[in-house]
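>>> Could you look at this predicted model? Sequence included:
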Amino acid sequence: MMKKKWWHDKTAYQIYPKSFFDTDGDGIGDLPGIIEKLDYLKDLGVDIVWLSPIYRSPLADQGYDISDYYSIDPRFGTMEDMERLLAEAKKRNMYVVMDLVVNHCSDEHEWFRKACEDPEGEYGKFFYLRKLKKGSCGVQAGDSAEGRQAQYAVSSPDGYILPCNWRSYFGGPVWEKLPGHGDWFYLHVFHRKQPDLNWENPKLREEIYRMINWWLDKGLAGFRIDAIINIKKALPFRNYAPDRADGLCSIHRMLSDAEGIGAFLGELRDRTFAPHNAFTVGEVFNEKEEELPDFIGDDGYFSTMFDFAEAVWGSSPEGWHAAAQITPDDYRACLFSAQERVRDIGFLSNIIENHDEPRGVSRYIPEADLRGMDAALRLTAKKALATIYFFVRGLPWIYQGQEIGMENLPLHSIEEVDDIASRNAWEVMRGLGISSEDALRAIERNGRDNARTPFQWTAGHAAGFTTGTPWLQVNPNYRQINLEQQAADPASVFRHYRRMTALRRDPLYRETLVYGSFEPYLADDHNVIAYLRRSQTLTILVLSNYQREDRTLPLPADVRKVLLDNCTGSGSPAPLIQDGRVALTGYRTLVLELAQKSE
Ligand code: GLC
Ligand code: MG
């Protein structure tokens, strides 16, 4: 049996501070804005709050490029604001989690500045720096390892042969010229303003541990751990077969070769999180199957990690234009396989979206961008998706705006786009000869700005997010989709989320919904998503008719009670339950308490 932890029965929420709530009219959300909305989050039923980065940063990648880990960026507020947030959260029995971005820092961080001054000095060793030579590439092709190295070698525009041909996540080679030096280069697996930190260097690791402990001592509950799988590089640097015409290969190629990340992660846990009993959630994309117990088992490296099975489904190495659209049956297969994989080894963190992904309702509800659905059906479908992901085993996360069913952002021109990943995808697609119209549609479906538009509080100016001009446009649907309207409407997505968090907290059902086993139900029925949660004393069925058409579905036992109905408040008649079957209209979704077999 898995050890019980204090956070297992909680509900978690991700705030993207820049777009949450602005109190000073500069168009950028801030810490005082988060403090002001704590009661709102409490009312929604949230216990744990993760803040995307608010550290000092040039915001080249929206704060995932930190120039000082010990200070708050003035755009978000001050350290006093942060301390006040911690105190106010504590008063409400809420827990604050920050983003831990330690695969890289900003090129404006003091460490990197010092590395530039003296690449061979102490701080040069905090990064991956290499002094390179000019030469010609691709000369001695052959079958030996050396031959492959030479065959796949790539060079900088001015002729330096790069140590490896990896493609950075945001496009282009991972090697960039060290400012102020002709022949020194540094490694960045993300943007060039995000130089990678060298975890092989114990001095760097000590600096990181000191920083983490400093924050935990302040009263932080823990961290969401960014891009962590990248801290272990496959060394020495080597070239792999290119997978696109640019002669480069995906970072994933290197990651699957990198061995020994466990030593770093174990030390990180033992020196920081474990002594503080901190909560941690890893952003882990490429863990190796057999390593799951090491990552999130009892005493794993992290408390939990996100399940990205659905998010990565259909992605293509060629780029966004080639990504496949997920169907309800595929979605179910992802959800169920993740549950099967984790069993009771640990707890996954369940999401339908985050600040890097499109909006869940626009992605996982099949009518593409929902425009094909009438308003009532669209509402029912949004609440269906919510119910399905919320009650599988694991820790449910709500990303800001998800609780009011915010949707993807329609685009008219690339000029509107802020996200660097989208801008890179645009270059890639245009380079392949894809029309600007098609490229824009691909960005609408996949881009990170979808989730980053300001939270829609009201139908007023800038959706009530700011009195000024928002840093990123508000989704034009804010007059139809906003919290003010939904709080007053019993059929709204928001009110449904509130019912879900309340049900998960209900002492009668908590044990079953948190620790109960997970069992697929009607797993071969097209467009039906259903599963059982079972404890010693209770069985709960989540049953969704995830399509437009009506369906009558068999029940595995008598129904004792309807615990949740996604049409509550909408005026629809109660679902007809008769002769061991239940009639469900399109997207109707129920959570049912079943009679035990002996009754
Ligand atoms: C993670 C973050 C993403 C960021 C990247 C680099 O994937 O979630 O927003 O761009 O790491 O830090
Ligand atoms: Mg502000």
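The structure has been received and is ready for your questions. Ligands and ions are numbered 1, 2, ... in the order given.

>>> CA only for contacts and neighbour counts going forward, please
Noted.

>>> Next, count neighbours for whichever residue of the stretch 301-450 of the chain sits closest to ligand 1.
At 5.5 Å from ligand 1, D356 is the closest residue in the stretch 301-450 of the chain, using CA to the nearest ligand atom. D356 is flanked by 16 other residues according to other CA atoms under 10 Å.

>>> what's the neighbour count on the residue lying closest to it once chain neighbours are set aside?
Among residues not flanking D356 along the chain, R448 sits closest, at 4.8 Å (CA to CA, 6 or more residues apart in numbering). For R448, the neighbour count with other CA under 10 Å is 24.

>>> what does E291 give?
E291 is flanked by 12 other residues according to other CA under 10 Å.

>>> now L248
Neighbours of L248 (other CA under 10 Å): 24.

>>> Counting neighbours, show which residues of the worst-scoring helix or strand of the chain on mean pLDDT come out buried.
In the chain, no helix or strand scores lower on mean pLDDT, DSSP states H and E than helix 145-152, which sits at a mean of 80. By 16 or more other CA atoms under 10 Å, the buried positions in helix 145-152 come out as 148-152.

>>> ditto for stretch 535-543
Using 16+ other CA under 10 Å as the test for burial, stretch 535-543 gives 535, 538-543.

>>> Now that stretch - C-alpha only, CSV.
Taking Å, rounded to 0.1, in the frame of the first residue of the first chain, the C-alpha atoms of stretch 535-543 are listed here in CSV:
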residue,chain,number,x,y,z
SER,A,535,-12.9,1.4,-1.9
GLN,A,536,-13.8,-1.3,0.7
THR,A,537,-17.2,0.2,1.3
LEU,A,538,-18.2,2.2,-1.7
THR,A,539,-18.3,2.1,-5.5
ILE,A,540,-18.6,5.2,-7.6
LEU,A,541,-19.2,5.2,-11.3
VAL,A,542,-18.2,8.1,-13.6
LEU,A,543,-20.2,7.7,-16.8
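
>>> Contacts for it next, please.
Stretch 535-543 has contacts (CA atoms under 8 Å, 6 or more residues apart in numbering) with 387-388, 391, 511-513, 515-517, 528-534, 589-596.

>>> So which of these are in helices?
387-388, 511-513, 515 (DSSP state H).

>>> any idea how far the residue in the stretch 201-350 of the chain that ligand 2 sits nearest to is from K91?
Closest to ligand 2 within the stretch 201-350 of the chain is L220: 22.6 Å, counting by CA to the ion. Remark: distance between L220 and K91 (CA to CA, to the nearest Å) = 14 Å.

>>> Over to E416?
Per CA to CA, E416 is found 41 Å from K91.

>>> Ligand 2 contacts on this structure?
Selection of the chain residues close to ligand 2 by CA under 5 Å from the ion yields 22, 24, 26, 28-30.

>>> Out of those residues, which two sit at the greatest distance?
For these, the farthest-apart pair by CA to CA is D26 and D30; their separation is 9.5 Å.

>>> Contacts only, for I251.
Applying CA under 8 Å, 6+ apart to I251 gives the contacts 166-169, 189.

>>> and if you look at H191?
61, 168-171.

>>> for it, helix, strand, or coil?
coil (DSSP: H, G, I helix; E, B strand; the rest coil).

>>> Look up phi and psi at it.
Here is the backbone geometry of H191 (degrees, to the nearest 10): phi -70, psi 160.

>>> Could you measure from it over to Y160?
Distance, H191 to Y160, by CA to CA: 20 Å.

>>> now do R452
Going from R452 to Y160 by CA to CA gives 38 Å.

>>> How about P454?
P454 sits 44 Å away from Y160, going by CA to CA.

>>> re earlier: pick out whichever of L220 and K91 has more residues nearby.
Set L220 next to K91 and count neighbours by other CA under 10 Å: L220 wins out with 21 against 10.

>>> Isn't the residue nearest to D356 up against R359?
No: contact criterion CA atoms under 8 Å: R448 and R359 do not qualify, at 9.1 Å.

>>> Tell me where the model's unsure across the stretch 351-500 of the chain.
By pLDDT under 70, the low-scoring segments of the stretch 351-500 of the chain are 368-371.

>>> now Q325, nearest residue through space, not along the chain?
Computed as CA to CA, 6+ apart, the closest residue to Q325 that is not its neighbour in sequence is G314, at 6.6 Å.

>>> in stretch 553-567, what counts as buried?
Under the neighbour-count rule (16+ other CA under 10 Å), stretch 553-567 has 553, 555, 557-559, 563-567 buried.

>>> Repeat that for stretch 216-225.
Of all the residues in stretch 216-225, those buried under the rule 16+ other CA under 10 Å are 216, 219-225.

>>> Would you mind listing the two of those that lie farthest apart?
G219 and I225 (17.3 Å).

>>> Between P454 and Y160, which has more neighbouring residues?
P454 (32 against 21).
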